[in-house]
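**Q** coordinates for the following, if possible.
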Amino acid sequence: MLILSGGIYFLIEMERLETVVPRQPKEDGDIPVFLLNRLCGLDGQGEKSGYVLILNSGGGRFGVAVHLAEGLEYVKEEDKMPVAEEAIRRENRYLDWVVPVERELCPGAYGLNVAELYEKALGQEPDYWI
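**A** Model prediction:
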């Protein structure tokens with residue numbers, strides 16, 4: 001799924017995506033939700049509007065709030081390019097690969113490693129619950 005958060009496009013593999021829901025915080029929810037732009041250290045509007053993607057990391061379920069869930073994008077394995085080693089730091093190990101995307105406002109998108117993103121989220125307080 002192609003998503004936008006903090007002015008950057010990301011892709012999430014469908015086997016990690018459980019569902020997409022409108023952003024509606026609850027007081028008694030059981031799924032922690034993190035603003036993806038904040039989790040990634042990006043600028044943004046706090047994702048006050050938009051959607052929540054419920055993800056399964058293999059180790060737990062969590063949600064990420066995004067500005068835009070644009071839709072499905074088919075990516076061939078041979079189109080995936082690794083993120084340069086010198087660009088990867090402890091804070092962004094969740095960036096798995098990058099791929100060109102043929103859209104006017106989106107020259108490329110980063111593939112998210114959901115398991116690494118979940119590990120990063122565990123060290124932070126959720127923004128809200130659903």
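**Q** CA atoms for contacts and neighbours, from now on please.
**A** Will do.
**Q** and the biggest helix by length in the chain, which residues are buried?
**A** Counting residues, the longest helix found in the chain (DSSP state H) is helix 114-122. By neighbour count with 16 or more other CA atoms under 10 Å, helix 114-122 contains the buried residues 114-118, 120-121.
**Q** tell me the one of those residues nearest Val83?
**A** Nearest to Val83 among the buried residues of helix 114-122: Glu116, at 14.6 Å, using CA to CA.
**Q** contacting residues around the closest residue to that closest one other than its chain neighbours?
**A** Using CA to CA, 6 or more residues apart in numbering and skipping residues adjacent in sequence, the residue nearest Glu116 is Tyr94, 4.8 Å away. Shown in contact with Tyr94 (CA atoms under 8 Å, 6 or more residues apart in numbering): 112-117.
**Q** run the last query once more with 7 Å
**A** For Tyr94, the contact set (CA atoms under 7 Å, 6 or more residues apart in numbering) comprises 112-114, 116-117.
**Q** quick one: distance of the helix or strand that Gly111 is a member of to the chain centre.
**A** Using DSSP states H and E, Gly111 sits in strand 106-112. Chain-centre distance of strand 106-112: 11 Å, with CA atoms, centre = their mean, to the nearest Å.
**Q** what does the average pLDDT come to for that strand?
**A** Throughout strand 106-112, pLDDT has a mean value of 90.
**Q** in that strand, what counts as buried?
**A** Neighbour counts over strand 106-112 (16+ other CA under 10 Å) mark 108-112 as buried.
**Q** and the contacts of that strand?
**A** 9-12, 94-101.
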